[in-house]
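*Asks:* coords please:
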Amino acid sequence: MTRGSEAWKQDLTRWINEAALPLWTRIGVDHSTGTVWEALDHQGQPLPDMQRRLRVQARQAYCFSKSDVAEHQDLALQLFRFVMDQGFDPETGYMAAYLDADTRILTAPHDLYDMSFVFLAASGLIDAGFDMSKDLARLEAALAQLKAPRGWYENAARSLPRRQNPHMHMFEAFTALFASTGAPRFRDMAEECLGLFRDVFLARDGRVLEYFDTDMQPLEDCEQVIEPGHMAEWVYLLDRYEAATGRDCGVDLAHLFRAVLQRQDGTGLLPDRYEPKMSDSRRLWPQTELFKAVLALKQRGLAFPDDIQPDDVLERIWHTYFAVPVRGGWYDQFSRDEVLLSQNMPASTFYHILIAFRFYISDGKTV
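*Replies:* Sure, this is the predicted structure:
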């Protein structure tokens, strides 16, 4: 028998507060360095030899900032301080990307995607009551080094191809910062990303293009990749932009969502890649984005031919990805015929899960 929404909300609240947050704020933390591990194994134990990504420190800082527990919020600030105080190359001033297992900087490309999550973490800490004004000023100066005529370059080396994905996460971060601060400059930066989405990233048939040349012209079809998870993610983020700003995003969300539904695989879930050839891999994060998109549009009262319901999507996700030996963890990747592909539980996935579950629990009010 399928659980009702209220039962799901109670179960997910307990999972977050009694299982996931305790796991990732305790075992998930490398107490010798004050940072978080890149991943845990499927038994919930750290993988200390893995290289670490600075973005994971920022993502977990954002997640922990959303807890009501003061110790978790303090840990969020600790992780953010690590990023700001030790996450920039002292010679170049560029933001790091990869760290050795001992947190020594390995690469510092000043990456736009990584930077977006540091901005997002700052928004969560502001909501938790911390003063982030000096850090935001420094981050905005760092971002200014990547400014392009349209949008921002990938990194300090201006690597090609340019991508929609970092701009999507900048849109997310700036929307969150506007909601947290009310500062018009963050709304303006979000709207620069929105303009790129409407004019460049979004194809007429609802596909979201991924790769572009230096002038932000789409690469040829043979060089494009279509990721349904990103298409669903935009549905949710555009809904959040409208909620935060009170402005119309200028995008037909129902049209975009129908294009997402057309790219489900036989299980009703989303493959990691749909074009040029459907991948055999289904990671967890695209499913959380599908779930968020369904929730956002159901809150708007929109109906679809397949009558897709949030609880049905949640049930499918839960029984596929969360039947793990350690409570508070997950399986990250399956093949389409449900063979487990992932070797561990990446900490980076918690951000996707937490936002989706909190959005559901709050009936579309909490991000």
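*Asks:* Show me where this protein has its strands.
*Replies:* Assigned by DSSP state E, the chain shows strands spanning 29-30, 35-36, 39-40, 52-53, 98-99, 162-163, 211-212, 281-283, 333-335, 345-346.
*Asks:* Run through who's touching the fourth one.
*Replies:* For strand 52-53, the external contacting residues (CB atoms under 8 Å, 6 or more residues apart in numbering) are 35, 37, 38, 97, 98, 99, 100, 101, 103, 114, 348. Quick note: C-beta positions are derived from backbone N, CA and C, even for glycine.
*Asks:* Filter the residues you listed down to the buried ones.
*Replies:* 35, 37, 38, 97, 98, 99, 103, 114, 348 (16 or more other CB atoms under 10 Å).
*Asks:* List the contacts of the closest residue to the second one other than its chain neighbours.
*Replies:* Spatial nearest neighbour of residue 37, excluding adjacent residues (CB to CB, 6 or more residues apart in numbering): residue 46 at 4.5 Å. Residue 46 makes contacts with 27, 28, 30, 37, 40, as judged by CB under 8 Å, 6+ apart.
*Asks:* Please tabulate those in TSV, including the columns distance to residue 323 and pLDDT.
*Replies:* Output for the contacts of residue 46, formatted as TSV (distance: CB to CB, whole Å; pLDDT from 0 to 100):
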residue	distance to residue 323	pLDDT
27	20	98
28	20	98
30	27	98
37	22	98
40	16	98
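*Asks:* Among these, which one lies nearest to residue 364?
*Replies:* Nearest to residue 364 among those: residue 28, at 28.2 Å, using CB to CB.
*Asks:* I'd say that closest one and residue 349 touch.
*Replies:* No. Residue 28 lies out of contact with residue 349 (CB atoms under 8 Å); the separation is 12.0 Å.
*Asks:* Quick check, pLDDT for residue 308.
*Replies:* Looking at residue 308, its pLDDT is 86.
*Asks:* tell me the contacts of it?
*Replies:* Applying CB under 8 Å, 6+ apart, we find residue 308 in contact with 261, 294.
*Asks:* before we move on, back to that, least confident pick among the contacts of strand 52-53?
*Replies:* Within these, pLDDT is lowest for residue 101, at 93.
*Asks:* who's in contact with it?
*Replies:* By CB under 8 Å, 6+ apart, residue 101 lies in contact with 48, 49, 50, 51, 52.
*Asks:* which of those has the most neighbours?
*Replies:* The most crowded member of the contacts of residue 101 is residue 52, carrying 25 neighbours; neighbours defined as other CB atoms under 10 Å.
*Asks:* What separation do you get for it and residue 23?
*Replies:* Distance of residue 52 to residue 23, given as CB to CB, to the nearest Å: 18 Å.
*Asks:* likewise residue 187?
*Replies:* Look at residue 187 and residue 23: by CB to CB, they are 36 Å apart.
*Asks:* Let's have the strands of the chain in CSV, adding distance to residue 179.
*Replies:* Below are these laid out as CSV (distance: least, CB to CB, whole Å):
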stretch, distance to residue 179
strand 29-30, 28
strand 35-36, 25
strand 39-40, 30
strand 52-53, 26
strand 98-99, 30
strand 162-163, 25
strand 211-212, 28
strand 281-283, 28
strand 333-335, 32
strand 345-346, 27
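*Asks:* for those, which one sits closest to residue 81?
*Replies:* Comparing these against residue 81 with CB to CB, the closest turns out to be strand 35-36 (10.7 Å).
*Asks:* quick one, what contacts the spatially closest residue to residue 350 that is not a sequence neighbour?
*Replies:* Distances taken as CB to CB, 6+ apart place residue 63 nearest to residue 350, at 5.3 Å, with adjacent residues excluded. Residue 63 is in contact with 24, 76, 124, 350, 351, 354, counting by CB under 8 Å, 6+ apart.
*Asks:* which pair in the residues you listed spans the largest distance?
*Replies:* 24 and 124 (14.8 Å).
*Asks:* Quickly note the distance from residue 331 to residue 42.
*Replies:* Using CB to CB, residue 331 is found at 7 Å from residue 42.
*Asks:* what's around residue 222, how many residues?
*Replies:* A total of 6 residues lie near residue 222 under the criterion other CB under 10 Å.
*Asks:* what bridges to the residue nearest to residue 37?
*Replies:* Applying DSSP bridges to residue 46 gives these bridge partners: residue 40.
*Asks:* From residue 39, how far out is it?
*Replies:* 8 Å.
*Asks:* still on that earlier bit, any chance of the contacts of strand 52-53 in CSV with distance to residue 149 as columns?
*Replies:* Shown next, in CSV, are the contacts of strand 52-53 (distance: CB to CB, whole Å):
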residue, distance to residue 149
35, 37
37, 40
38, 36
97, 25
98, 29
99, 32
100, 36
101, 40
103, 36
114, 22
348, 31
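*Asks:* Out of these, which comes closest to residue 271?
*Replies:* residue 348 (19.4 Å).
*Asks:* residues contacting that closest one?
*Replies:* By CB under 8 Å, 6+ apart, the contact list for residue 348 reads 53, 55, 56, 59.
*Asks:* Reformat the residues you listed as a markdown table; add distance to residue 68, pLDDT and neighbour count.
*Replies:* Below are these laid out as a markdown table (distance: CB to CB, whole Å; pLDDT from 0 to 100; neighbours: other CB atoms under 10 Å):
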| residue | distance to residue 68 | pLDDT | neighbour count |
| --- | --- | --- | --- |
| 53 | 27 | 98 | 21 |
| 55 | 25 | 98 | 26 |
| 56 | 23 | 98 | 24 |
| 59 | 19 | 98 | 25 |
